[in-house]
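*Asks:* Need the 3D shape of this:
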Amino acid sequence: MNKRFEINSGMRGETLVLKGVHRKKKSGEQIRITPDLNVIKIGGHAAIDYGREVMYPLVKEIGELSKEHQLLIVTGGGGRVRHIMDVGIDLGMPTGVLAELSSKISEQNAIMVSILLSKYNGVRIHTGDLLELPSLLKLGMLPVMHGTPPYGLYEHPAKSGSIPPHRTDTGAFLIAEVMGAKNCIIGKNVNGLYMQDPITHPDAEFIKDITASELLEMNLENMVIEPMVVELLKDAVHIKEVKIINCHVKGNIEKTIKGKNVGTIIRA
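*Replies:* Now for the predicted structure:
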């Protein structure tokens, strides 16, 4: 029987499913491609769907901050995603198809936000442009991209139902992680995490600082951030905390970039 051909390397004769390989190759520092980058997620439901009343002041704030800080704006989908999900689920669409459909809405929002930011050198970029970020930032550009992860038809099956588990909060987190960003900031229309939905429960207890494991153990009925973000945070290499803020409040983004906790911090 002929011997298998092996390339001489540190993994010669190994398989990538062997646990020992993962332990052996775990060491070694990963490159932070953009260590000064602040990834800021602006949700559709959280901000964009409110229209000019919220978005115009927010765009001005982000534009001014981009003159002093490296920013990447990541857009969510919002109400139109909920509509297409409802229609798709009713028609029996698989999870991967729902992911494809919802991504189009986030892309539409990225186009609109990049145009609103055009006076501040806003430029719409795609997933494949991420490795161009260092050059774009050095040129003084303010990149904007949609937040839906590019799993598409290969989206992971949901633990229950058919709604894609990787949505735009998760996409913003994954972008921040792979780029080795300084901050991952998730902008919402509430001040952060609560034990209950603060819209329907005004007296709900606020969560200012919590670990990923603690938050998952709570199994909250209505978590303001996608649970997948919290799951992934536990194993992240570069992003050790995710910051949730109310992006309707002027100055919150700047304070968060400068290290102040004005919302909720979820720690790895």
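*Asks:* tell me the contacts of the residue most central in space within the chain?
*Replies:* Central residue of the chain (Cα atoms, centre = their mean): residue 172, 1.8 Å from the mean position. Going by Cβ atoms under 8 Å, 6 or more residues apart in numbering, residue 172 touches 39, 41, 74, 147, 184, 186. Using the backbone N, CA and C atoms, a C-beta is placed for each residue, glycine as well.
*Asks:* one more time with 10 Å, if that's ok
*Replies:* Shown in contact with residue 172 (Cβ atoms under 10 Å, 6 or more residues apart in numbering): 39-43, 72-76, 145, 147, 149, 181, 184-187, 226, 229, 242.
*Asks:* gap between it and residue 200?
*Replies:* 26 Å (Cβ to Cβ, to the nearest Å).
*Asks:* same deal with residue 53?
*Replies:* 23 Å.
*Asks:* Then residue 166?
*Replies:* 27 Å.
*Asks:* who has more neighbours, the two?
*Replies:* residue 166 (23 against 8; other Cβ atoms under 10 Å).
*Asks:* Please name the nearest non-neighbouring residue to the more buried one.
*Replies:* residue 149 (4.6 Å; Cβ to Cβ, 6 or more residues apart in numbering).
*Asks:* Tell me if I'm right that that neighbour and residue 174 touch.
*Replies:* Yes. Between residue 149 and residue 174 a contact is recorded at 5.9 Å, counting by Cβ atoms under 10 Å.
*Asks:* which neighbours do these two share?
*Replies:* Counting by Cβ under 10 Å, 6+ apart, the residues touching both residue 149 and residue 174 are 166, 228.
*Asks:* Please list all residues in contact with the closest residue to residue 161 other than its chain neighbours.
*Replies:* Excluding the flanking residues, the one nearest residue 161 by Cβ to Cβ, 6+ apart is residue 89, at 7.8 Å. If a contact means Cβ under 10 Å, 6+ apart, then residue 89 has 95, 98, 161-163 as its contacts.
*Asks:* Please tell me how far the helix or strand harbouring residue 89 is from the chain's geometric centre.
*Replies:* Residue 89 belongs to helix 79-90 when assigned by DSSP states H and E. A distance of 21 Å separates the centroid of the chain from that of helix 79-90, by Cα atoms, centre = their mean, to the nearest Å.
*Asks:* Check stretch 127-145 too.
*Replies:* Taking mean C-alpha positions (Cα atoms, centre = their mean), stretch 127-145 and its chain are 16 Å apart.
*Asks:* Give me the buried positions along it.
*Replies:* If you call a residue buried by 16 or more other Cβ atoms under 10 Å, then stretch 127-145 has these buried ones: 130, 133, 136-137, 141-145.
*Asks:* again with stretch 45-60
*Replies:* So for stretch 45-60, counting by 16+ other Cβ under 10 Å, buried means 45-49, 54-55, 58-59.
*Asks:* Can you tell me which of these comes closest to residue 114?
*Replies:* residue 59 (10.4 Å; Cβ to Cβ).
*Asks:* Quick check: closest non-adjacent residue to the closest one.
*Replies:* In space, and not counting its chain neighbours, residue 59 is closest to residue 116: 4.6 Å by Cβ to Cβ, 6+ apart.
*Asks:* Which helix or strand lies directly C-terminal to whichever strand or helix holds the residue nearest to the centre of the chain?
*Replies:* Element membership for residue 172 (DSSP H and E) is helix 168-179. As assigned by DSSP H and E, the chain's next helix or strand after helix 168-179 is strand 183-188.
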